[in-house]
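Colleague: Here you go, sequence then predicted model.
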Amino acid sequence: MRIAMLSPIAWSTPPKKYGPWESIVSLLTEGLVKRGIDVTLFATADSHTAAKLHAVCPRPYEEDKDIIIKVYEGLHISEVFERAKEFDIIHNHFDYLPLTYSGLVDTPVVTTIHGISSRKILSVYKKYNNRTFYVSISDAYRCRDLDYIATVRHGIDIESFHFNEKPQDYLLFLSRLHKDKGVREAIEVAKKSGRKLRIAGFIADQTYFEKEVQPFIDNKQIIYEGHIDPEFKKELLSNAYALLHMINYEEAFGIGVVEAMASGTPVIAMNRGSMPELIRDGETGFLVNSIEEAAKAVQKLDSISRKTCRKSVEKRFSVDRMVDDYIKVYETIFKKCKREDERPWGFYEVLRQRPGYKVKSLTILPQGEISLQRHFHRSEHWYIISGEGLVTKNTSQIRVLPGDSVDIPVNEVHRIKNIGGQNLVFIEISQGDYLGEDDIERLEDKYGRA
Ligand SMILES: O=P(O)(O)OC[C@H]1O[C@@H](O)[C@@H](O)[C@@H](O)[C@@H]1O
């Protein structure tokens, strides 16, 4: 299966510090590659992957303000769709914009809806509801107006989080600093329960920060650690007494919540959005409805086993589980959308068909080869456009390059194999009294179709 993975370009894939969408794309891509799946990752040029990287945007636009967002969004997305025929599935993680290209290609598009920033963008999702496939990242995040092929909850690289059974005494806030994420509320919980609070994350709303957060930072009880790197984040998570996640919105998924539990750290979260799907109330943390309840929950934290937190994540939020779930989604889509012109060796396109002749372009992927075969009703003429091939004609073999042509009379046993590193493309003119695809006698086939 050939997957085109379309990542956002706000951050690199994986991100250096913050970038939840890019981080999930990276974990999924690397997990699929490990399973032997052919993935092409479309991401910023400074991304790192074991898949094939295709990049037009040199750096993340959040890190380089000289990058004009609209220009690079257009260039980045169009690359995937212009190469659509090379893939069995395009997996879009880039929000709604790529949907507007999906009607122009035959390759099925699956979109993981990581977040709907405003109800105003829903009209795009609604328009493409019947044309593409949507995946939600929690049941809570399903929108009634859309149809979904599955819910796939995120997985994390559990082994990279240090499990710690003996935490320090501080509470932790770890997210972007924004009203939605409830930083102010976390400060109040810390004050009410007389605990130290360490705050980490980048300032997503400067006005909010200056008004609601900064005045409370005394670097004794309320400490701001800044926009931290992944290693420091892991250290803060594993040493924390608990994570406070006092969100003010219906959050689709909380990666930090799962990462905390993987480190053995229980989470006290507002009971809304996806939180009940992530936290087992009383087992891996507490679901609360107010600051008062959260402060009371702090007093009960000793009843939570840090080992249970870790085990719960191992069972429910591993990368392997996420990769399994997405492979199931791809297989379902693959079966639903299977077309005759997609072949194990590549694909073809009929350019013209009239009584007596047919013109096709054929693309054979590297290492691909058509079956050893013959036709009873048609002769064929091949003209090589690009790549390097090896043609078998009866018992002889001929190496072919762009500009070469080959004639295959009716009844002649033949095959063509891609022996180069790039796609082998050729134009075929077939002539005869019957031109249907079923006029193929397969004598031998690498893909078991003979
Ligand atoms: O049988 P497979 O390997 O799919 O090859 C099928 C292809 O064979 C070639 O010789 C031509 O006849 C193409 O028109 C055809 O699509």
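Modeller: Arrived safely, thanks for sending. Residues are numbered from 1 along each chain as shown.
Colleague: Tell me the residues of this protein that contact the ligand?
Modeller: Within the chain, the positions lying close to the ligand (C-beta under 6 Å from any ligand atom) are Arg343, Trp345, Tyr348, Lys360, Ile370, Ser371, Gln373, Glu380, Glu428, Ile440, Arg442. C-betas here are computed from N, CA, C, even on glycine.
Colleague: Find me the pLDDT at the residue in the stretch 201-350 of the chain positioned nearest to the ligand, would you?
Modeller: Among the residues of the stretch 201-350 of the chain, Arg343 lies closest to the ligand, at 4.5 Å counting by C-beta to the nearest ligand atom. Listed pLDDT for Arg343 reads 92.
Colleague: Return the residues in contact with it.
Modeller: Ile370 (C-beta atoms under 8 Å, 6 or more residues apart in numbering).
Colleague: would you turn the residues of the chain next to the ligand into CSV with distance to Asp320 and secondary structure?
Modeller: Output for the residues of the chain next to the ligand, formatted as CSV (distance: C-beta to C-beta, whole Å; DSSP: H, G, I helix; E, B strand; the rest coil):
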residue, distance to Asp320, secondary structure
Arg343, 31, strand
Trp345, 30, coil
Tyr348, 36, strand
Lys360, 41, strand
Ile370, 36, coil
Ser371, 35, coil
Gln373, 40, strand
Glu380, 46, strand
Glu428, 43, strand
Ile440, 40, coil
Arg442, 37, strand
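Colleague: Parallel or antiparallel, list what pairs with the helix or strand of the chain with the lowest mean pLDDT.
Modeller: Lowest by mean pLDDT, DSSP states H and E among the helices and strands of the chain is strand 342-343, with a mean of 88. Partner strands and pairing direction for strand 342-343 (DSSP bridges) are strand 346-354 (antiparallel).
Colleague: pLDDT of the partner strand, averaged?
Modeller: The predicted model assigns strand 346-354 a mean pLDDT of 90.
Colleague: Would it be right to say that Glu293 lies in a helix?
Modeller: Yes - following the definition DSSP: H, G, I helix; E, B strand; the rest coil, Glu293 is counted among the residues of a helix.
Colleague: Where does the closest residue to it other than its chain neighbours fall, secondary structure wise?
Modeller: Once flanking residues are discounted, Glu293 sits nearest to Phe286: 7.9 Å by C-beta to C-beta, 6 or more residues apart in numbering. Here Phe286 sits within strand 285-288, counting by DSSP states H and E.
Colleague: Identify the residues contacting that strand?
Modeller: Outside of strand 285-288, the residues within contact range by C-beta under 8 Å, 6+ apart are 242-243, 261, 266-271, 275-276, 279, 281, 293-294, 297, 300, 304, 309.
Colleague: Try it again at 7 Å.
Modeller: Strand 285-288 is touched from outside by 266-271, 275-276, 279, 281, 294, 297, 300, 304, with contacts defined as C-beta atoms under 7 Å, 6 or more residues apart in numbering.
Colleague: again with stretch 256-268
Modeller: With C-beta under 7 Å, 6+ apart as the test, stretch 256-268 has contacts from 156, 158, 161-165, 167, 174-175, 237-238, 240, 242-245, 269, 278-279, 284-286, 288, 294, 297-298, 301, 304, 306, 309-310, 312-313, 317.
Colleague: tell me the mean pLDDT for that stretch?
Modeller: On average, the pLDDT along stretch 256-268 is 98.
Colleague: tally of neighbours for Glu277?
Modeller: Here the number of neighbours of Glu277 (other C-beta atoms under 10 Å) works out to 17.
Colleague: got the buried residues for stretch 114-125?
Modeller: Across stretch 114-125, burial judged by 16 or more other C-beta atoms under 10 Å covers His114, Ile116, Tyr125.
Colleague: Would you format these as CSV with secondary structure included?
Modeller: Formatted as CSV, these follow (three-state DSSP):
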residue, secondary structure
His114, coil
Ile116, coil
Tyr125, helix
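Colleague: Sort out which one of these lies nearest the ligand for me.
Modeller: Of all those, the ligand sits closest to Tyr125, with 36.7 Å by C-beta to the nearest ligand atom.
Colleague: hmm, back to that, please pick the buried ones from the contacts of strand 285-288.
Modeller: With neighbours counted by 16+ other C-beta under 10 Å, the contacts of strand 285-288 contain buried members at Pro266, Val267, Ile268, Ala269, Met270, Met275, Ile279, Ala294, Ala297, Ile304.
Colleague: which two in these are spaced the farthest apart?
Modeller: Using C-beta to C-beta, those reach their maximum pairwise distance at Met270 and Ile304, which is 17.5 Å.
Colleague: Quick one: residues contacting Val319.
Modeller: Contact partners of Val319, counting by C-beta under 7 Å, 6+ apart, are Leu27, Gly31, Gly155, Ile156, Asp157.
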